[in-house]
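1. Generate a structure from the sequence data that follows.
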Amino acid sequence: MKMGFSLLKMTVFPFSRLTPISQYLFQSWSRRQMIRWVTSASGSGISRMASPDGSIKQMFSQLEGNNCQATSSEYISLCNSMITKFAKNGRIVDARRLFEKMSKRNVVSWNAMLSGYAHDGRIGEARQIFDEMPERNVVSWNSMISSYAMMGRIEEARELFDKAPELNIVSWTAMISGYAKHGKVDIAHQLFEKMPERDIVSWNTMITAYTSIGRIDDAKLLFDKMPDRDVISWNLMITSYAKCGKIKDAHELFGKMPEPDVVSWNALISGYIQNGRMEDACQLFEKMPKRNVVSWTAMIAGYSQNGKLENAYRLFDKMPNRNVVSWNAMIAGYAQNGRIEDARKLFGRMPEKNSTSWNTLIAGYVQNGQVEVACQLFDSMPVRNLLSYTMMIQGYAQDGKLQDARWVFDQIPERDVVAWTAMIAGYCYNGRMKDAHQLFDKVPERDVICWNAIIAGYLQNGYGEEAVRLFSQMQLINVKPTQATFTSVVSACASLAALEQGKQVHQQIIKTGFGKDVLLGNALITMYARCGSIDDARQIFDTMNEHNVVSWNSLITGCSQHGYGKEAIQLFDQMLTTGIKPDHISFVGVLSACSHDGLPAQGWHYFHSMSQDHCITPQPEHYACMVDLLGRSGQLSEARVFIDKIPFEPDAAVLGTLLGACRIHVNMDLGKVIAEQLIELEPQNASTYVLLSNLYAMAGRWDDVKSVRMRMKDKGVVKSPGCSWIEAKNKVHTFLVGDRSHPQTDEIYSMLSRLHLEMEEMGYAPDLNFVLHDVEEEQKKEILSHHSEKLAIAFGLINTFTGTPIRVIKNLRVCGDCHTASKYISKIANREIILRDATRFHHFKDGLCSCRDYW
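-> Below you'll find the model as predicted:
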């Protein structure tokens, strides 16, 4: 009789339940054959494992009845195999019972029990076994080192690694892998360099460490140094190049590969799809010598992502063998493209559904705004998992039904961090930050995604300072930030104009290895630009390995806001030569540049080229730019005619731009008409009333000013006070007009008095037209001299180092008198003053402004 058995299938089963043939084999074989009993039983019903203690006792009595000594090597080997099998099947208690009943154990017995506890995540009990071992071998040490490393307890893993009497390649690789998986890639590399010998697994582990954090160049250096490579080495590099958008490099490497396997082909196909090159993916798919279900499914998903559902279904229909993943991919394709009824029909035809099938359809209904239908499906699910609950939480939250979302959340039998995060994100999405934070505080174990959700929530709801504070708190408890974390925090620094904090975060980004990430590079460009440091923004752009349209837009917009209109236009034209297609944001940037620099001819050129050359239909923001371009140059009648020709009803942004121009040029008649239109559109928007009031005040029509203010009071419209803020020593200081609440008030007012005297000696005279109150002249001078931006500048002169720029942010448009005063102060103090107001930046230096007094 020939019998082939696999040790991988070994398990244990009570003798009484064995089939007759297995019992015969068990009773008749010699001791040398005893170990094979386990494998024969594997095919004779052993998969129906029975309960514990009685089974073990019965097994021991059978062994003794067959003259198997409890100390024999066959007996010990059999028990060791059973311990291993129990542990692998999640029956760690049974494994321990068997271990305890063994009268004699060898090092393999101890290692089996140690590995069992480690596999079950019971690291404390694994360590107890390790400490009690009468003797240990390298396997014992490696098991314990690996367990600590994988659980993130790197210091304990390293302590054992350093104490181990003997190390082999497995020991070194386990330690390297542990460091890499927990973000300490540079330490992992140092250890890698010290290895006395390496195998392919060691090299692949280190390459994986670099690719997992986007350090693809470092990974390639190692790849090139490898003495031998296997197919895994090649696939790691191809996949990594594809994921980070370097599809050309992925293709070149694929071409050099000695024997690509189906994984290699699939990796390159997926790379083409992820990078929007569906045609290339299709060509590669057609050339594949052998396809598997992953190849077909990847193509179906690719066509679906590109909206080519007919192509996707044609492939799906041709598939020689479909699995549930293929069906789910096709259902997802229909759902994502709004064809939810087709998705439902396909779902009904599925021969076999899993929880992913149900969740995919539920997600489709949620994404298509049919939350009630999603709820019906959710109620019909045979088995729900955490994702099912999470999808419903997201659906209700997006629909603004937070009470329903919370009800679903409360029904979850065992919540994981994903469910908690979904509910927190739902509160954030609906602006309920207090509820979000209260729930966040209750999360038993927060991961980095949970932190990201609350940080992003505060940022999106306008609480940048709280976002930065939470980021600091997160680091104190050693939660490793991701690209998403850094993107939110950099954006928060931008919103606060907190340059010093932004620089500190930038340094952390470099240290953690994310310095080459395109999304973070774009966020840093915006941060530096919005914090008044356009040179640093340009430096970030110039050092980036690759740019996308967002990178160009960020710098173009930054240059435009800083008054460098010609540079912004040059950048826009340069972007076109690189082959990157501009989007609607690109044109907002270049049109704003033309407006700020007073370049009407170029403005009209770019406005017309939007539709003629780039097939982009102008949106309200583009029309607002053109109205601004005409309004700033005093062409108010032309601006009104232009608005009348807009192919849709002008929105508040367009009309508000013209009203602002009416105020600058004191056009009372047109201003009143536009203001009334705006009030009808947005009756609660305070800025319209303020502009109209200012227009009356500039004309000295104080009765009309009072009338507008009474109208605001009657409608319950509240004006936001003008304020300015400045960062010093990692703290943001805020000032209102005439503010005396700051601890350094006396020094600030003393500094302003000295500056005022020096300015008057140089020819400065206050422009009282910018005091929009019906008061005496002296009082007007007093109000004017203590505007919030002047207070902030004085504070900056006192609290920053000589020679460094002073950066001030104002929430409203800077008044003409403060603009003039800032030019004088920059010359007197020999300091650059960078002032960001509601529309742009002003760089004051040596008595001049970058806007050339055109703003």
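
2. burial count for K731?
-> K731: 11 surrounding residues under other C-beta atoms under 10 Å. Heads up, the C-betas are built off the backbone N, CA and C, glycines and all.

3. Can you give me the distance of it to V468?
-> Counting by C-beta to C-beta, to the nearest Å, the gap from K731 to V468 is 11 Å.

4. and what of R632?
-> 35 Å.

5. Who has more neighbours out of those two?
-> For R632 versus V468, neighbours defined as other C-beta under 10 Å are more numerous around V468 (25 against 21).

6. Could you find the closest non-adjacent residue to the more buried one?
-> Nearest in space to V468, with sequence neighbours left out and distances taken as C-beta to C-beta, 6 or more residues apart in numbering, is A492 at 5.1 Å.

7. Show the subsequent helix or strand relative to the strand or helix carrying the one you found.
-> Assigned by DSSP states H and E, A492 belongs to helix 483-496. Where DSSP H and E defines the elements, the next helix or strand beyond helix 483-496 is helix 499-511.

8. For that following helix, name the packing helices and strands.
-> helix 483-496, helix 518-530, strand 723-728 (3 or more C-beta pairs under 8 Å, 6 or more residues apart in numbering; DSSP states H and E).

9. Export only the CA atoms of the longest one, formatted as PDB.
-> Below are the C-alpha coordinates for helix 483-496, written out as PDB (Å, rounded to 0.1, in the frame of the first residue of the first chain):
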ATOM      1  CA  GLN A 483       1.600  61.300   5.000                       C
ATOM      2  CA  ALA A 484      -2.100  62.200   5.700                       C
ATOM      3  CA  THR A 485      -1.200  63.400   9.200                       C
ATOM      4  CA  PHE A 486       1.600  65.700   7.900                       C
ATOM      5  CA  THR A 487      -0.600  67.000   5.100                       C
ATOM      6  CA  SER A 488      -3.300  68.100   7.600                       C
ATOM      7  CA  VAL A 489      -0.800  69.600  10.000                       C
ATOM      8  CA  VAL A 490       1.000  71.500   7.200                       C
ATOM      9  CA  SER A 491      -2.300  72.800   6.000                       C
ATOM     10  CA  ALA A 492      -3.200  73.900   9.600                       C
ATOM     11  CA  CYS A 493       0.100  75.800   9.800                       C
ATOM     12  CA  ALA A 494      -0.800  77.500   6.500                       C
ATOM     13  CA  SER A 495      -4.200  78.500   7.800                       C
ATOM     14  CA  LEU A 496      -2.600  80.000  10.900                       C
END
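
10. quick one: that helix to helix 518-530, angle?
-> 10 degrees (axes from the mean of the first three to the mean of the last three C-alpha atoms, to 10 degrees).

11. and if you look at the last one?
-> Taking the same axes, to 10 degrees, one finds strand 723-728 and helix 518-530 inclined to each other by 110 degrees.

12. burial count for the residue lying closest to P620 once chain neighbours are set aside?
-> Spatial nearest neighbour of P620, excluding adjacent residues (C-beta to C-beta, 6+ apart): D651 at 4.8 Å. Using other C-beta under 10 Å, D651 has 17 other residues around it.

13. I'd say N292 and V262 touch.
-> Yes - the criterion here is C-beta atoms under 8 Å, and N292 meets it with V262 at 5.2 Å.

14. before we move on, the earlier item: now do the shared contacts for K731 and V468.
-> With C-beta atoms under 8 Å, 6 or more residues apart in numbering applied, the contact sets of K731 and V468 do not overlap.

15. show me the residues around N321 that make contact.
-> Per C-beta under 8 Å, 6+ apart, neighbours of N321: V293.

16. mind checking how far it is from G302?
-> Applying C-beta to C-beta to N321 and G302 gives a distance of 19 Å.

17. same thing with Y75?
-> For Y75, the distance to G302 - C-beta to C-beta - is 57 Å.

18. returning to what we had before: which one of the helices and strands packed on helix 499-511 has the most crowded surroundings?
-> Across the helices and strands packed on helix 499-511, averaging neighbours per residue (mean count of other C-beta atoms under 10 Å) puts helix 518-530 on top, at a mean of 25.

19. tell me the angle of it relative to helix 499-511?
-> For helix 518-530 against helix 499-511, the angle by the same axes, to 10 degrees is 160 degrees.

20. Against which helices or strands is helix 518-530 packed?
-> By 3+ C-beta pairs under 8 Å, 6+ apart, helix 518-530 packs against helix 483-496, helix 499-511, helix 534-543, helix 549-561.

21. Check the offset of stretch 306-316 from the chain's centre.
-> Put simply, stretch 306-316 sits 30 Å off its chain's centre (C-alpha atoms, centre = their mean, to the nearest Å).

22. Please enumerate residues in contact with it?
-> With C-beta under 8 Å, 6+ apart, stretch 306-316 has contacts from 276, 278, 296, 299-301, 303-304, 322, 326, 329-330, 333-334, 337, 339, 342.

23. now the helices: where do they sit in the stretch 51-200 of the chain?
-> 52-65, 73-88, 92-101, 107-119, 123-132, 138-150, 154-163, 169-181, 185-194, 200-212 (DSSP state H, counting those that start in this stretch).

24. helices or strands up against the fourth one?
-> Contacts of helix 107-119 with other secondary structure elements, assessed using 3+ C-beta pairs under 8 Å, 6+ apart, are made with helix 73-88, helix 92-101, helix 123-132, helix 138-150.

25. What lies in contact with that helix?
-> 76-77, 79-80, 83-84, 86-88, 92, 95-96, 99, 102, 123, 125-126, 129-130, 133-137, 139-140, 143-144, 146-147.

26. Just the buried ones from the residues you listed, in ChimeraX syntax?
-> To isolate the buried ones among the contacts of helix 107-119 in ChimeraX, judged by 16 or more other C-beta atoms under 10 Å, type:
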select :76,77,79,80,83,84,86,87,88,92,95,96,99,102,123,125,126,129,130,133,136,139,140,143,144,146,147
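
27. D837 contacts C818, correct?
-> No - if you go by C-beta under 8 Å, D837 and C818 don't touch, sitting 9.3 Å apart.

28. Neighbour count for the two, which is higher?
-> Between D837 and C818, counted using other C-beta under 10 Å, C818 has the larger neighbour count: 25 against 21.

29. So the more buried one versus D846, what's the distance?
-> 18 Å.

30. same deal with V673?
-> 42 Å.

31. Of those two, give the one with the bigger neighbour count.
-> It is V673, of V673 and D846, that has more neighbours when counted by other C-beta under 10 Å, with 16 against 9.

32. any idea which helix or strand carries the more buried one?
-> V673 is located in helix 668-681, with elements delineated by DSSP H and E.

33. how about that helix: buried residues?
-> Result for helix 668-681 [16+ other C-beta under 10 Å]: buried residues 668, 670-675, 677-679.

34. so how far is whichever helix or strand comes after that helix from its chain's centroid?
-> Proceeding N to C from helix 668-681, the next assigned helix or strand is helix 686-698, under DSSP H and E. The offset between the C-alpha centroid of helix 686-698 and the centroid of the whole chain comes to 42 Å, using C-alpha atoms, centre = their mean.
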